[in-house]
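Asks: turn this into a structure:
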Amino acid sequence: MAKHSKRYLAVAEKVDRSRFYSLEEAIRLLKETATANFDEAAEAVFRLGVDPRRNEHRIRGTVTLPHGTGREVKVLAFAKGEALKEAEAAGADYVGGEELVKKIEEEGWLDFDRVVATPDMMAIVGRLGRILGPRGLMPSPKTGTVTREIGQAIREIKRGKLEFRVDEYGQVHSIFGRASFPEDQLYENFLALAAAILDEKPADVKGRYIRRVTVSATMGPGIKVDPDEVVRRVSERRL
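Replies: Numbers count the residues shown, from 1 in each chain. Just a heads-up that it's a prediction; the model follows:
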């Protein structure tokens, strides 16, 4: 078992692991337990009632956080012609084609956070599936990262659009801001993320879909949130 630092043990004492916290309490605790010397991410883990071995349960989606992610996102765009100019104008950090594919293949270059592409570039981008796929970076029409509207896609990502996907354990792990955000902004970002995950519920899932929810700062302890409350709060905001 890994040993925790004295700092971690001290802040962990603030969290009662035997109880579920309200969302407001959990976010307040998240901020209180973010004591590292950098602006920690606010992170959430949703344990879902799905079987990731089944294709229809391999949940993957996007959400635009109303208050952004709180960090700069480096975007790589595969495009040519007018689409290349559009990607540059929209603020893509890297734009190109074959030369960037080779850079990734031959040099292992991965100095970017998101990848977008126009449909006509996927013939060459497809070669990167084994590299980008396991890292969750492969462009996909489902998440809007393979699109003719590449400029719009880049601007949305820069404004706070992020992707989420279920892992092999049936969990979605995502950030929803930074610990420095005001509590109300973290609250709104969290509910936007939760709503997007609920929207991806497979039609054949019976019983409880969101089974466990935990929030934390990057270096802080996990704080359990009542999953039924999360579903209720999302429903209330949609009325």
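Asks: now the helices for the chain?
Replies: 6-12, 23-32, 82-90, 98-107, 122-125, 129-132, 150-159, 183-199, 227-238 (DSSP state H).
Asks: can you list the buried residues in the fifth one?
Replies: Just to be clear, that refers to helix 122-125. 122, 125 (16 or more other CB atoms under 10 Å). Any C-beta I mention is one placed from the backbone N, CA and C, and that applies to glycine too.
Asks: only C-alpha atoms, please: export it in CSV.
Replies: C-alpha atoms of helix 122-125 as CSV (Å, rounded to 0.1, in the frame of the first residue of the first chain):
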residue,chain,number,x,y,z
MET,A,122,-8.9,10.8,-41.8
ALA,A,123,-7.2,8.5,-44.4
ILE,A,124,-3.8,9.5,-43.1
VAL,A,125,-4.9,10.3,-39.5
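Asks: so residue 76 bridges to which residues?
Replies: Applying DSSP bridges to residue 76 gives these bridge partners: residue 94, residue 115.
Asks: what separation do you get for it and residue 137?
Replies: As judged by CB to CB, to the nearest Å, residue 76 and residue 137 stand 8 Å apart.
Asks: out of the two, which sits in the busier spot?
Replies: residue 76 (26 against 18; other CB atoms under 10 Å).
Asks: next up, the contacts around that one.
Replies: Going by CB atoms under 8 Å, 6 or more residues apart in numbering, residue 76 touches 92, 93, 94, 95, 100, 112, 114, 115, 116.
Asks: who touches the residue minimising distance to the centre of the chain in this structure?
Replies: For the chain, the residue nearest the mean C-alpha position is residue 174 (4.0 Å; CA atoms, centre = their mean). By CB under 8 Å, 6+ apart, the residues touching residue 174 are 43, 44, 162, 164, 193.
Asks: related to what we said a few turns ago, shared neighbours, residue 76 and residue 137?
Replies: Common contact partners of residue 76 and residue 137 (CB under 8 Å, 6+ apart): 112, 114, 115.
Asks: most surrounded residue in those residues?
Replies: Of all the shared contacts of residue 76 and residue 137, residue 115 has the most neighbours under the rule other CB under 10 Å, reaching 25 neighbours.
Asks: is it true that that residue touches residue 145?
Replies: Yes - Residue 115 is within contact range of residue 145, at 6.5 Å (criterion: CB atoms under 8 Å).
Asks: pull the residues that contact the helix or strand of the chain with the lowest mean pLDDT.
Replies: Lowest by mean pLDDT, DSSP states H and E among the helices and strands of the chain is helix 6-12, with a mean of 72. With CB under 8 Å, 6+ apart as the contact definition, helix 6-12 has outside contacts at 4, 32, 33, 35, 36, 219, 220, 221.
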